[in-house]
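> following is a predicted model, sequence given first.
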Amino acid sequence: WGQSAASDIQARDLATPVEKAKQAVAKHMATDTGDAAVDEDEVQALRRQMQQVMWEKVGIIRSTPDLQAAGTELDALQAQAEGIYKSRKLTLSTMALRNGVATAKSIQEAAAANPVSKGAHFMQ
């Protein structure tokens, strides 16, 4: 029975979700097809631009025109981030930018769909 239990335990994948995510990222980076080097300054500038859009137009005080403008700006940022992601060497910063802009876009869309002032957010 002991050997059977040990074999069963060895056959199971006991990796934590964080370990699985790290393995997936490493596997994805190993199959990277981008040729161009990543300009980290460009990636950081786009990240700061995303943060500024979110703070100024999707922050605590919101308005319909600001949310619409934020959507347009985030669409452009998303296109730029996706271009970098697909054409350059894959790095953690390029993945973080792509995922960050996608998350920001989701927040903007949810805010635009909810005109109610509630909690900490205020809709003008």
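Alright, I've got the coordinates.

> run a quick neighbour tally on the closest residue to residue 40 other than its chain neighbours.
If you skip the residues right next to it in sequence, residue 40 has residue 93 as its closest partner in space, 6.1 Å away by CB to CB, 6 or more residues apart in numbering. Where you see a C-beta, it was placed from the backbone N, CA and C, and this is true even at glycine. Residue crowding around residue 93 was assessed by other CB atoms under 10 Å; the count is 16.

> just say helix, strand or coil for residue 93.
For residue 93, the secondary-structure state derived from DSSP: H, G, I helix; E, B strand; the rest coil is helix.

> what does the one 10 residues further on give?
Following three-state DSSP, residue 103 is assigned to helix.

> can you get me a residue count around it?
The burial count assigned to residue 103 is 12, neighbours taken as other CB under 10 Å.

> likewise residue 1?
Each residue near residue 1 was counted by other CB under 10 Å, and the total is 5.

> what sits against it?
Residue 1 is in contact with no residue at all, counting by CB atoms under 8 Å, 6 or more residues apart in numbering.

> same deal with residue 106?
When the contact criterion is CB under 8 Å, 6+ apart, residue 106 has no partners at all.

> can I assume it sits in a helix?
Yes. Assignment of residue 106 by three-state DSSP places it within a helix.

> how far away is it from residue 11?
Here the criterion is CB to CB, to the nearest Å. By it, residue 106 lies 38 Å from residue 11.

> next, give phi and psi for residue 38.
With angles defined as degrees, to the nearest 10, residue 38 shows backbone torsions of phi -90, psi 130.

> pLDDT wise, what is it at?
Per-residue confidence (pLDDT) for residue 38: 83.

> helices of this protein, residue ranges please.
Taking DSSP state H, the helices of the chain run over residues 2-11, 17-30, 40-57, 64-87, 92-113.

> how near is residue 81 to residue 75?
The span separating residue 81 from residue 75 equals 11 Å under the rule CB to CB.

> if you could redo that for residue 40, that was the one I meant.
Using CB to CB, one obtains 24 Å as the distance from residue 40 to residue 75.
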